[in-house]
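1. Can you look at this prediction? I've put the sequence above it.
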Amino acid sequence: NNICCIASDFVLHGADQQFIASGAEDGCMYFWDLHSKQVAARLEGHHDAVMGVTAHPSMHLLASAGLDGTVRIWQNESVQV
């Protein structure tokens with residue numbers, strides 16, 4: 001795929017689902033459903049490539065870092081997977 005690259009990834013668990021989160025060159029963070037292998041959700045927030053994605057170990061928070069020089073913190077309410 002010419003717009004998505006996995007800069008960092010980890011498995012998220014939803015209601016009977018598992019996802020991989022990845023950063024992409026289009027400035028978005030993607031959630032990939034492990035079973036269907038399709039994009040389940042897309043978060044927009046960076047103006048350049050997303051180079052890192054990580055999850056808080058115990059809270060429902062995600063962080064993404066972009067080449068635009070920003071770090072975005074995503075709370076559970078903004079992540080609909």
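-> Perfect, I can see it now. Keep in mind that this is a model prediction, so the values were computed, not measured.

2. Show the end-to-end separation of stretch 19-32, please.
-> Using Cα to Cα, to the nearest Å, one end of stretch 19-32 lies 5 Å from the other.

3. Report the mean confidence score over that stretch.
-> Confidence over stretch 19-32, taken as the mean pLDDT, stands at 87.

4. Could you do stretch 61-73 as well?
-> Model confidence over stretch 61-73, given as mean pLDDT, is 91.

5. Quick one: distance of that stretch to the chain centre.
-> Relative to the mean C-alpha coordinate of its chain, stretch 61-73 is positioned 10 Å out (Cα atoms, centre = their mean, to the nearest Å).

6. first to last residue in that stretch, what's the distance?
-> 7 Å.

7. and that stretch, which residues are buried?
-> Buried positions in stretch 61-73, judged by neighbour count with 16 or more other Cβ atoms under 10 Å: 62, 64-66, 72. (Each C-beta comes from the backbone N, C-alpha and C, glycine too.)

8. what's the answer for stretch 47-55, then?
-> For stretch 47-55, the buried set under the neighbour-count rule, 16+ other Cβ under 10 Å, comprises 49-51, 53, 55.

9. now what about the host helix or strand of Ala63, what contacts it?
-> Ala63 belongs to strand 61-66 when elements are defined using DSSP states H and E. With contacts defined as Cβ atoms under 8 Å, 6 or more residues apart in numbering, strand 61-66 is touched by 21, 23, 27, 29, 43, 45-56, 71-76, 79.

10. now the buried residues of stretch 47-55 in JSON lines, with secondary structure?
-> Putting the buried residues of stretch 47-55 into JSON lines (DSSP: H, G, I helix; E, B strand; the rest coil) gives the following:
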{"residue": "Ala49", "secondary structure": "coil"}
{"residue": "Val50", "secondary structure": "strand"}
{"residue": "Met51", "secondary structure": "strand"}
{"residue": "Val53", "secondary structure": "strand"}
{"residue": "Ala55", "secondary structure": "strand"}
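
11. Check which helices and strands the helix or strand that the strand holding Ala63 is followed by sits against.
-> Beyond strand 61-66 on the C-terminal side, the first helix or strand identified by DSSP H and E is strand 71-75. With contacts defined as 3 or more Cβ pairs under 8 Å, 6 or more residues apart in numbering; DSSP states H and E, the secondary structure elements packing on strand 71-75 are strand 61-66.
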